[in-house]
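J.: turn this into a structure:
(4 chains)
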4 protein chains.
Amino acid sequence: MAGSSFGTLFRFTTWGESHGPAIGVVVDGVPSLIELGADDIQLWLDRRKPGQSKFTTQRQEPDKVEILSGVFEGQTTGTPISLLIRNEDQRSRDYGQIKDSYRPGHADITYEAKYGIRDYRGGGRSSARETASRVAAGAIARKILGPEVAIRGYLIQIGQDRIDPLRFDPHEIERNPFWCPDAAAAARWEEQLLEIRKAGSSVGAVIEVVAEGVPAGWGEPIYDKLDADLAKAMMSINAVKGVEIGDGFAAAGLRGEDNADEIRMGNDGPRFLSNHAGGILGGISSGQPIVCRFAVKPTSSILTPRRSINRDGDEIEVATKGRHDPCVGIRAVPVGEAMMAIVLADHLLRHRGVYARG
Amino acid sequence: MAGSSFGTLFRFTTWGESHGPAIGVVVDGVPSLIELGADDIQLWLDRRKPGQSKFTTQRQEPDKVEILSGVFEGQTTGTPISLLIRNEDQRSRDYGQIKDSYRPGHADITYEAKYGIRDYRGGGRSSARETASRVAAGAIARKILGPEVAIRGYLIQIGQDRIDPLRFDPHEIERNPFWCPDAAAAARWEEQLLEIRKAGSSVGAVIEVVAEGVPAGWGEPIYDKLDADLAKAMMSINAVKGVEIGDGFAAAGLRGEDNADEIRMGNDGPRFLSNHAGGILGGISSGQPIVCRFAVKPTSSILTPRRSINRDGDEIEVATKGRHDPCVGIRAVPVGEAMMAIVLADHLLRHRGVYARG
Amino acid sequence: MAGSSFGTLFRFTTWGESHGPAIGVVVDGVPSLIELGADDIQLWLDRRKPGQSKFTTQRQEPDKVEILSGVFEGQTTGTPISLLIRNEDQRSRDYGQIKDSYRPGHADITYEAKYGIRDYRGGGRSSARETASRVAAGAIARKILGPEVAIRGYLIQIGQDRIDPLRFDPHEIERNPFWCPDAAAAARWEEQLLEIRKAGSSVGAVIEVVAEGVPAGWGEPIYDKLDADLAKAMMSINAVKGVEIGDGFAAAGLRGEDNADEIRMGNDGPRFLSNHAGGILGGISSGQPIVCRFAVKPTSSILTPRRSINRDGDEIEVATKGRHDPCVGIRAVPVGEAMMAIVLADHLLRHRGVYARG
Amino acid sequence: MAGSSFGTLFRFTTWGESHGPAIGVVVDGVPSLIELGADDIQLWLDRRKPGQSKFTTQRQEPDKVEILSGVFEGQTTGTPISLLIRNEDQRSRDYGQIKDSYRPGHADITYEAKYGIRDYRGGGRSSARETASRVAAGAIARKILGPEVAIRGYLIQIGQDRIDPLRFDPHEIERNPFWCPDAAAAARWEEQLLEIRKAGSSVGAVIEVVAEGVPAGWGEPIYDKLDADLAKAMMSINAVKGVEIGDGFAAAGLRGEDNADEIRMGNDGPRFLSNHAGGILGGISSGQPIVCRFAVKPTSSILTPRRSINRDGDEIEVATKGRHDPCVGIRAVPVGEAMMAIVLADHLLRHRGVYARG
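T.: Numbering: from 1, shown residues only, chains lettered A, B, ... in the order given. The predicted model follows:
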């Protein structure tokens, strides 16, 4: 209830601050007899971990995960799985300025307003470091979903520069440091980000995550719609300001006849002729690919001085030195994939519990 | 857990089908000693009720609400408030075609896939009729928030035609049937909708909802962020395909220095020089107005025939006759306002429970 | 969260006051395609309804249930089932004394302390009238469990007079107004209660509820143990002060070797030679009958004057005239059965969701 | 939802197996600005830890707790508090017999039935070792309650030997290894347990926990009654088979006039002349001491051979060698105290959230 848990049947709780001794996650509700080892989780953590290219923060974190419970002789036992990731690179530094001042656009000021105290070191609990725990939980969610469900995320926009859908090449995604499916856009983004990094600035991005292989029927109606839960999941990621399903905001501009996904019969059930709906109708999966997009704002920790105040109410200027991501949207790709897996795994279990009919 | 409840401390459950005897909502977690009468709720229901202009469905529903519990001698007692709204205009009609066929873009096919049965009369549970219960719950939420929090919703786009922000006039909102703050846009929309209605088509829209007077500190961090809960709340409304907070998707195109809301000292605390963040930082309210937008797709029930299938798997064409909204986005305005009030009331209580310090 | 809901996957919310226009319950999480009519529910309500013998309250309530949603053409649709029971016999009377004074042993004083207001008419929300909603929800829970699970409740003690286990005859239960399985005890109880009723007094009782046919494996470990949920369910019934599973408090007096339920192989799995555990080990069902007992205190509304205070803090004497149960434990039997069915149905769905393995 | 979490606003999740690398608990919902150090928690863990007398298991566990998050510069920050306790004494031993056979009266067989797998080492997740996490969470709950609420637990019965209420001396509780308030009973129990230990047997017990200083008004009505939550909390402790509030089962034997706690006016509000109710009326605290009792069955791990089966379905005899508690009820005292603190802290926050009125 205090915000650090997510999910209903597949439910996890994360904990830990950016510069405390460790972060972690406890995942409850995992069915038993699933093969699981630290490697299955490490695989996905390695995709998110910082310091992999010059376009992400230079903080060095091996992000090695330890399984402390819930797995016995290589299989899940049905009991809670506790995962621990130590914080290695809590670089000794002077937090003098951050300690007492509020970065514009950052949660510094609201945490202080809410709690009357904040662990200011590296952003404390509000740091995107927490997303490593999401990726770890997502790795377990993928195990529950099994190989039938394929989830893939990628960047489709950095700053104002969007990919050309006609140049979409799934193989390209793993070939550049931006998870960009359009080689030409990736080249342009590299230039843009070098310039932004040099200027001590930052920029936003748009991520798309697609899940294929989800059968029709997942999702609860009304308030726990599959898309409502996805919207919550994605909006809960640090710096996200917008979420779309299928055509999203563009759907507002369509007429009914253009938005309708017409249906024919395929070999194994209904076959839709388009996917404006993004695979969800009335909150329930239709069998088409689930398509979700979210927008990430530019990091608020920048070198350019901005006007602000400090804890004493003095008017000051703030410029944040440190090892920050020029485009935090890049590392949001594996996080978005993880949240998609998490929401789907939860709805798989929920669907099975109530609606599975002998 | 099965999807018909929303909220944590302020928690309600809706029930009822479009053409059953009644719909209703049970609201639990309402503090005692709040003055409440049916009129306080009716006021808001009347804004949503159908048949008020030629631009909404011609179904005639008085939508009279009855309070069945939780209020004693004009005051809330702290026990659950049960509200009942009878369905009056369940027009006797032939559901022959809808009964066995799936409207493209509609939840017909997914409800059938999930449950193996559906109440096809008027869309059953998937009908937007359920949103009357939301508006009723929202009326109670407003009572909890009190007069300090002012919530206002309006349309900013119909089809591809967006309002001119420079022409924004709050007084205009109540003067036209579109809740449109731009008189010139309202005039254009009238023409557009007359044409669409005549063509038996439909069109989408974008709604903006703003809450003023929310103090700093509401919202839980990480997964129950105020914006995450708003995203879920808005995406759960029928036909919504996208949600934005503050600058939303436009934030992706900004640089850090342009996105930062700079801070100065005002007379009674921090004063922000802009509101790109939409009043929420790190999931917690900053004291600025909360700004939320959502996109509604065009109604799928249209006169234009579309290709589809029926329950037997035969390929057919579907055209929906009946009393439908040419732009369901119009009636989504009071629903969006209600969901904003609901999320805020819940977070007010949650904040007070855990973080209020003597 | 405010107390009027119960369950997780099978989850219901009750509402209504003793002397308001109606009471009711909304049941969410019911699987679709279950045959259900008002008669299926009425059957169980009739067992609980007042005025059936001289040993229960003389209030006349037909307790006719109406299904307002969630059932279509005789089958559940998977959407919330709303049930309504009108209050018919809100006898016009003078509540003068109850209005401002607190009955010793009654919730009058604590509701007032908590809420600063209470609907004093007939006990308002704290009245046992709420248990009709439980029985209605329990009727649906039984439908989910199916005929394989047989639940039977009965009284084993009134006042200090306990049945003789050697005289236990299941057929006797329906033959006397006390749900008593021991004919000799029933005869004694009749005399005892006539005397108590005449004296304007009341007396407590002990109820036992047994569920047969529950397979091994239901229940979650640690905090949501099947017995923990049963304890909560039974203790939540009005006037209950104690709950036991299996041998209960008597287990404290046993040695390990006497408490162990030894196991042999039966034709279709393990066969236990005794059932001290009451069918639950480590919070999970063992396949043996689930055995639960609970103690009900005597009604606090009695004719004998007791010392108390009123709202102004004056010291007074209170004697409650009215139509009350001399032994509220009698009508607690169908309520206890309902709560058993509810807990089991919820755990059936929970077990199926997470642990069912292809 | 899978059983390892407890509470609503004050909510924690435990994890870990008896012989895994560690156990732990994540506590979410702790208000900020509470002074908290490892010592505050260690204090209570030391009361529960094994090996302190010859009447508890000889397993040697220092049970040193580490705080991994949620505390900054000695104060809680409002973010989740993660506590870790390493398992030191996972004595290398032969689990041959336990591995494939089921101890009668133990959760071995039901875990196997539910999950199809179990970590058999030391009982795995079903071991009472999990209760160390409860005690740690309870220590934080006490901090939330503050010094006004005093919680005290003690044994009142071992085997069939109950204390004499007239000899109740609170100072005696800390003077003997049984938390026994009656010196004469403690002497008798010592003899009894020496005999039982020698015989390789075990015995049950009854624990009473009392909370003083709880103001009137805590607890939610109907399903989340304070006593219903206490019943669930206590019944969730390993080996507990019965729970009572106030007079408990004895209330069944009383008449209304004897059970009524009469009320007079005291200096600062109502003054009750007796406490049959155990401080709770209608699920809500009355301002009197909260009185709760629970019965613990004898440990099922005993030396005396009992008939059972193994995984292959062979009929065998089982005798458990190892370091077990002859009376597990002794170490249940600090666990019962912790659960009382946990339930009260949760209801304090819940009450404050919804019902606190300006």
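
J.: what's the closest non-adjacent residue to the residue of the stretch 1-150 of chain A found nearest chain B?
T.: In the stretch 1-150 of chain A, the residue that lies nearest chain B is A:Ala107 (2.4 Å; CB to the nearest CB). The way it works is simple: take the backbone N, C-alpha and C, and place the C-beta from them, glycine included. Among residues not flanking A:Ala107 along the chain, B:Gly282 sits closest, at 2.4 Å (CB to CB, 6 or more residues apart in numbering or on different chains).

J.: so who does that neighbour touch?
T.: A:His106, A:Ala107, A:Thr110, A:Tyr111, A:Ser126, A:Asn238, B:Pro221, B:Lys225 (CB atoms under 8 Å, 6 or more residues apart in numbering or on different chains).

J.: now do 6 Å
T.: Residues near B:Gly282 by CB atoms under 6 Å, 6 or more residues apart in numbering or on different chains: A:Ala107, A:Thr110, A:Ser126.

J.: ok, now A:Ile196?
T.: A:Val203, A:Pro326.

J.: gap between the residue of the stretch 1-150 of chain A closest to chain B and B:Leu36?
T.: 36 Å (CB to CB, to the nearest Å).

J.: repeat for A:Glu172
T.: Applying CB to CB to A:Glu172 and B:Leu36 gives a distance of 59 Å.

J.: likewise A:Ser18?
T.: The gap separating A:Ser18 from B:Leu36 is 45 Å, by CB to CB.

J.: excluding sequence neighbours, find me the nearest residue to A:Thr110.
T.: B:Ile284 (3.7 Å).

J.: that neighbour contacts A:Glu112, correct?
T.: No: using CB atoms under 6 Å, B:Ile284 makes no contact with A:Glu112, being 9.7 Å away.

J.: quick one: name the residues of chain A near chain D.
T.: A:1-2, A:4, A:8-9, A:11, A:13, A:15-17, A:20-22, A:26, A:28-29, A:32-33, A:68-69, A:72, A:75, A:77-80, A:82, A:115-117, A:119, A:125 (CB under 6 Å from any CB of the partner chain).

J.: grab the nearest non-local neighbour of A:Ala319.
T.: Per CB to CB, 6+ apart, closest to A:Ala319 is A:Pro305, 4.2 Å.

J.: show the subsequent helix or strand relative to whichever strand or helix holds A:Trp44.
T.: If you go by DSSP states H and E, A:Trp44 is part of helix A:38-48. Using DSSP H and E, the helix or strand that directly follows helix A:38-48 along the chain is strand A:65-67.

J.: could you check which helix or strand contains the one residue in the stretch 201-350 of chain A that gets nearest to chain C?
T.: Nearest residue of the stretch 201-350 of chain A to chain C: A:Leu349, at 4.7 Å (CB to the nearest CB). Secondary structure from DSSP H and E places A:Leu349 in helix A:332-355.

J.: quick check: mean pLDDT across that helix?
T.: For helix A:332-355, mean pLDDT is 93.

J.: other residues contacting it?
T.: For helix A:332-355, using CB under 6 Å, 6+ apart, the contacting residues are A:7-10, A:47-48, A:131, A:134-135, A:137-138, A:141-142, A:144-145, A:151, A:153, A:179, A:207, A:209, A:211, A:218-219, A:226, A:229-230, A:233-234, A:237, A:296, B:2, B:114, C:9, C:29, C:31, C:349, C:352-354.

J.: break down the stretch 201-350 of chain A into its helices, ranges please.
T.: Along the stretch 201-350 of chain A, the segments classed as helices by DSSP state H, counting those that start in this stretch run A:226-235, A:256-259, A:332-355.

J.: in TSV: those, plus mean neighbour count and distance to C:Pro62.
T.: Below are those laid out as TSV (neighbours: other CB atoms under 10 Å in any protein chain shown; distance: least, CB to CB, whole Å):
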stretch	mean neighbour count	distance to C:Pro62
helix A:226-235	30	41
helix A:256-259	23	49
helix A:332-355	27	33
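
J.: out of those, which comes closest to C:Leu273?
T.: Closest to C:Leu273 of the helices of the stretch 201-350 of chain A, according to CB to CB: helix A:332-355, at 34.0 Å.

J.: kindly calculate the angle that the closest one makes with helix A:226-235.
T.: Per axes from the mean of the first three to the mean of the last three CA atoms, to 10 degrees, the angle that helix A:332-355 makes with helix A:226-235 is 150 degrees.
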